[in-house]
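Engineer: I need the structure of the sequence given here:
(one chain, ligands or ions: 2)
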Amino acid sequence: MAHHKDEKTLVIIKPDGVQRSLIGEITARYERVGLKLVGLKIMVPTVEQIEEHYTLDPEWRRVTGEKTIKGYKDKGLTPPSEDPIEITGIILENLKKYLSSGPVVLMVWQGAHAVGVVRKITGGTEPLTSDVGTIRGDLVLDSYQMSDTDGRAVRNLLHASGSVEEAENEINHWFTPEELVNYRLVQEQILYDVNLDGILE
Ligand code: GDP
Ligand code: MG
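Structural biologist: Numbering: from 1, shown residues only. Ligands and ions are numbered 1, 2, ... in the order given. Just a heads-up that it's a prediction; the model follows:
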């Protein structure tokens, strides 16, 4: 089994993050926790690439649809449809418009528990309810209610892989193996070395 420190995850800074000049601020937050940047590029994704990204997991449409329907009902609202697949059809169309509207920054971060650490720092999907201290909680203010009323995707600055398996599929989707750099970061010694025997002269 690969060591924990080899775990990788995919982050996408969505067009609103780029337009708000938050590339540096967002990158700094993942960097300062101790993660290592091993892949990086800027591009305008095609609608095909976006659709494929969200449907890599055949369950994503059902799970996200069910979660969205529950979200409406929990707030005492009527969902636009009772069919999870129909609901995510709308979400997917809005995501395609949102993510193809301008350049995005794609990043692969590596380090111990990279998937979980990045999700924690990123915060929950809806900015209105994401925790203070997270990127989505601190740097943007959208809500499902506002984005649904306006018929658009929620502007939450980022995508971050939800599991190790999802991360593997998403990294393969956006990066070739040659685009990922295998290197050592000096600080990894203090993060991961068992004996800390390289410090004293
Ligand atoms: P993430 O992993 O935190 O980005 O969230 P998901 O994978 O669950 O959802 C991906 C995207 O689908 C989000 O960034 C939203 O654009 C959209 N989405 C997810 N859940 C909802 C919801 O309950 N309502 C609406 N309107 N959009 C949603
Ligand atoms: Mg997700």
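
Engineer: what residue is smack in the middle of the chain?
Structural biologist: Closest residue to the average C-alpha location of the chain: Ala160 at 1.5 Å, with Cα atoms, centre = their mean.

Engineer: quick check: buried residues in stretch 112-125?
Structural biologist: Within stretch 112-125, the residues that qualify as buried are Ala112, Ala114, Val115, Val117, Val118, Arg119, Ile121, Thr122, Gly123, Thr125, counting by 16 or more other Cβ atoms under 10 Å. (C-beta placed from N, C-alpha, C; glycine too.)

Engineer: do the same with stretch 164-181
Structural biologist: Within stretch 164-181, the residues that count as buried by 16+ other Cβ under 10 Å are Glu166, Ala167, Glu168, Glu170, Ile171, Trp174, Phe175.

Engineer: so where's this protein shaky on pLDDT?
Structural biologist: 1 (pLDDT under 70).

Engineer: pull up the residues of it that are close to ligand 1.
Structural biologist: For the chain, the residues in contact with ligand 1 (Cβ under 6 Å from any ligand atom) are 64, 67-68, 71, 91, 95, 125, 144, 147-148, 153-154, 156, 159, 162.

Engineer: run the last query once more with 5 Å
Structural biologist: Thr64, Thr68, Gly71, Ile91, Thr125, Tyr144, Ala153, Val154, Gly162 (Cβ under 5 Å from any ligand atom).

Engineer: doesn't Gly34 belong to a strand?
Structural biologist: No: read with DSSP: H, G, I helix; E, B strand; the rest coil, Gly34 is coil and lies in no strand.

Engineer: okay if I get the buried residues of stretch 112-125 as JSON lines plus secondary structure?
Structural biologist: Output for the buried residues of stretch 112-125, formatted as JSON lines (three-state DSSP):
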{"residue": "Ala112", "secondary structure": "coil"}
{"residue": "Ala114", "secondary structure": "helix"}
{"residue": "Val115", "secondary structure": "helix"}
{"residue": "Val117", "secondary structure": "helix"}
{"residue": "Val118", "secondary structure": "helix"}
{"residue": "Arg119", "secondary structure": "helix"}
{"residue": "Ile121", "secondary structure": "helix"}
{"residue": "Thr122", "secondary structure": "helix"}
{"residue": "Gly123", "secondary structure": "coil"}
{"residue": "Thr125", "secondary structure": "coil"}
